[in-house]
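Asks: Could you work out the structure for the sequence below:
(chains A and B)
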Amino acid sequence: MATVTEAPPLAPAPGTKPPRRRGRWTPYLLLLPGLLWLLVFFALPVIYQASTSVQTGSLEEGYEVTWHFATYWDALSEYWPQFVRSVLYAASATVLCLLLGYPLAYLIAFRAGRWRNLIMILVIAPFFTSFLIRTLAWKTILADGGPVVGALDALHVLDVTAWLGWTAGDRVLATPLAVVCGLTYNFLPFMILPLYTSLERIDPRLHEAANDLYARPSTTFRKVTFPLSMPGVVSGTLLTFIPATGDYINADLLGSTDTRMVGNVIQSQFLRILDYPTAAALSFILMAAILFMVTFYIRRSGTEDLV
Amino acid sequence: MKTTKDTTTAGHGGGDVRLTGISKTYGSFTAVHPLDLTVPEGSFFALLGASGCGKTTTLRMIAGLEEPTAGTVHLGDQDVTALPPYKRPVNTVFQSYALFPHLDIFENVAFGLRRRGIKSVKKQVDEMLELVQLGEQARKKPHQLSGGQQQRVAVARALINHPRVLLLDEPLGALDLKLRRQMQLELKRIQTEVGITFVHVTHDQEEAMTMADTVAVMNGGRVEQLGSPTDLYENPRTTFVANFLGTSNFIEAEVDSTSGDEVVLKAGGGKLVLPAARTSAPTTTGGKVLVGVRPEKISLTHADDAGEIPEGRNRITGRIADSSFIGVSTQFVVDSPVCSDFEVYVQNIDRDARLVPGAEVVLHWNPAHTFGLDAAQSLLAGTVGSAGVETAEEEVA
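Replies: Coordinates of the predicted model:
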């Protein structure tokens, strides 16, 4: 046996220092612009609004912080119907978005083939016009005596919706149905995009594997596809529900005084009545309510368990 | 090699897999030409071929994941051609494993049982996880396991259903060489243990030969030859099979005379003897035949000792062009008038120091080790990276 000779150690070239850890501060530097932005445009306004909400006074004499927490209670007791209505409308719109968006996202992800990009563009296309214009367009679509309302009336759909309290008489405009329709339409892309992203990530071979293991297509959907798309369902519903709850444009343009949402109240308190403390308190109640509901929802859906 | 069937594990009763005139075309591209194939019950059957030869398509048609353009699939007496995959008593181990990422190992394995409405799955799943040695991993998620472990989960998930046929689609392709060897033995052990028919798709000829009882070599959407690994290796009927399974040397020869069960051939002035039973080509006098011989059957003698070679052996003269020492054997490339790159593997028992490049040598072998093929085919078909394999793919592509 030959003796084992060791390979000569690779001597470091003389004069070179160990590499400096140059990149140590880079991550923080990269964070800085975003953090500054958040500080100026999020943290400071929140603090300012928080202080406004506990001020008293009047526009003429000026406001000062008196720690008047009763504003919160007064706002809530006066405007709770609008809160309940906001949550109800937003939840209905979210469910509708999910029911309309899921099949479409599924189609784009698995069946569209070469049409995929075209359909994606069509989904995003509404964003090329302003939110306001799009909502105003629905005013025309749902106009009294218009073709849509006429068709619904002829099919006696309006009788049913009127009985449910969603519409009034032979009108659709200025009813809860119109507001929910507007919300659904405006937030649908926010549902479709995350759904598509999570569906598209699913390996189609998992469907084959499920099929091979005695799962018929419907079972495959229930046991494999849907559970794997849960991250998309959760982010889609959140992206729809949260902005829809605080929205006021749809209720303003498509609704009536009976369909006012909390967003409309805040808007008028701020901009018309100029009661800043109440407006600020309402904003904080809305924020807290949404935070509470979202936390509960995420806990329940258990998405942290998904890869 | 037929394994005795264990009735407790194979709950469905038996039957061969019978493919009758099955074919698959995609538009103008024919993936599988009309094909008849019978996989005997309880056998370990391999579909071997280069990528794009139609082997996976054939497997998927048995699974029901692909609908045949024509032909039928029978399991025993039952015609399953029209059955969707979830109604076929057949399970697949996918190349990518396709484990459900949101379910743990236990639930992955229990999936098939639960879909068939079986309530108490615990005992069966535990037993199956023991069989594949994954009892400890039951509550882990697939992504927490190594490639080899995932592969075993995929096997367990399919086997627990006691399918009549287990289909394996290149299940070892993603594993490294060492693990692959280990899993080959493991799968063979499992197959012997449960006695279920395995249909294994692979492009690795060594894998097919070590594992399978019967191998079907596919090329360009057709079965080129079917038989036991030994039979395919010793008696290839086409140059594709001869080259795809191992290495072969070919000599173009002319039939000189036929006497009894021997064919005498002329090649480059010399005479070669070929057993008539081992030729798949017509042997009319004056006709051309491709004479094949495997490199390890050949002995190499230095030209100076040519007189010591026993009578009755096929012999060819040449000059060593190249030699490479690889431990157990030395591989020589010999340049001879009848064939320019004659490969010879010589066991390193008594090494002759004179056998170096440039040396004049005599190649000789027992005539019984010679096989004959139809001369009207490409010598290079089936060689790795050769035009042969590529042409075959182009034909179907």
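Asks: Near chain A, which residues of the stretch 1-150 of chain B are found?
Replies: Proximity of the stretch 1-150 of chain B to chain A is confined to B:63-65, B:84-87, B:90-92, B:94, B:96, B:98-102, B:111-112, B:115-116, B:141, B:143 under the rule C-beta under 8 Å from any C-beta of the partner chain. All C-beta spots, glycine's among them, are computed from the backbone N, C-alpha and C.
Asks: Next step: those residues restricted to strands.
Replies: B:90-92 (DSSP state E).
Asks: And the next helix or strand past the longest helix belonging to chain B?
Replies: Longest helix in chain B, counting residues (DSSP state H): helix B:177-194. Sequence order places strand B:197-202 as the next helix or strand after helix B:177-194, per DSSP states H and E.
Asks: Could you list the paired strands of that next one along with their orientation?
Replies: Paired neighbours of strand B:197-202 in the sheet (DSSP bridges): strand B:44-48 (parallel), strand B:165-169 (parallel).
Asks: Using PDB, write down the CA coordinates of it.
Replies: The C-alpha coordinates for strand B:197-202 follow below in PDB (Å, rounded to 0.1, in the frame of the first residue of the first chain):
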ATOM      1  CA  THR B 197     -48.400  -7.300 -11.900                       C
ATOM      2  CA  PHE B 198     -46.000  -4.500 -12.400                       C
ATOM      3  CA  VAL B 199     -45.700  -2.600 -15.700                       C
ATOM      4  CA  HIS B 200     -42.600  -0.500 -15.500                       C
ATOM      5  CA  VAL B 201     -41.700   2.200 -18.000                       C
ATOM      6  CA  THR B 202     -38.000   3.100 -18.300                       C
END
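Asks: The helix or strand following it - contacts with which helices or strands?
Replies: For strand B:197-202, the following helix or strand on the C-terminal side (DSSP H and E) is helix B:205-211. Secondary-structure packing of helix B:205-211 (3 or more C-beta pairs under 8 Å, 6 or more residues apart in numbering or on different chains; DSSP states H and E): strand B:44-48, helix B:177-194, strand B:197-202, helix B:229-234.
Asks: Buried residues in helix B:205-211, which are they?
Replies: Using 16 or more other C-beta atoms under 10 Å in any protein chain shown as the test for burial, helix B:205-211 gives B:205, B:207-209, B:211.
Asks: Tabulate these (a markdown table), appending pLDDT.
Replies: A markdown table is the format used below for the buried residues of helix B:205-211 (pLDDT from 0 to 100):
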| residue | pLDDT |
| --- | --- |
| B:205 | 90 |
| B:207 | 91 |
| B:208 | 92 |
| B:209 | 92 |
| B:211 | 92 |
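Asks: before we move on, the earlier item: closest to residue A:299 out of the helices and strands packed on helix B:205-211?
Replies: Across those, residue A:299 has its closest neighbour in helix B:177-194 (40.9 Å, C-beta to C-beta).
Asks: which outside residues touch that closest one?
Replies: Residues from elsewhere that reach helix B:177-194 (C-beta atoms under 8 Å, 6 or more residues apart in numbering or on different chains): B:3, B:6, B:9-10, B:44, B:131-132, B:147-148, B:151-152, B:155, B:159, B:162, B:168, B:171-172, B:175, B:198, B:200, B:207, B:210-211.
Asks: Quick one: buried ones out of those residues?
Replies: B:3, B:10, B:44, B:131-132, B:148, B:151-152, B:155, B:159, B:162, B:168, B:171-172, B:175, B:198, B:200, B:207, B:211.
Asks: among the residues of the stretch 1-150 of chain B next to chain A, which ones are buried?
Replies: With neighbours counted by 16+ other C-beta under 10 Å, those contain buried members at B:63-65, B:85-86, B:90-92, B:94, B:96, B:98-102, B:111-112, B:115, B:141.
Asks: Point out where chain A drops to low pLDDT.
Replies: Where chain A drops to pLDDT under 70, the residues are A:1-22, A:302-307.
Asks: the strands in it, which residues?
Replies: A:55-58, A:62-65.
Asks: Out of these, which one sits most buried?
Replies: strand A:55-58 (a mean of 13; mean count of other C-beta atoms under 10 Å in any protein chain shown).
Asks: Dump the strands of chain A into a markdown table; add distance to residue A:217 as well.
Replies: Formatted as a markdown table, the strands of chain A follow (distance: least, C-beta to C-beta, whole Å):
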| stretch | distance to residue A:217 |
| --- | --- |
| strand A:55-58 | 60 |
| strand A:62-65 | 62 |
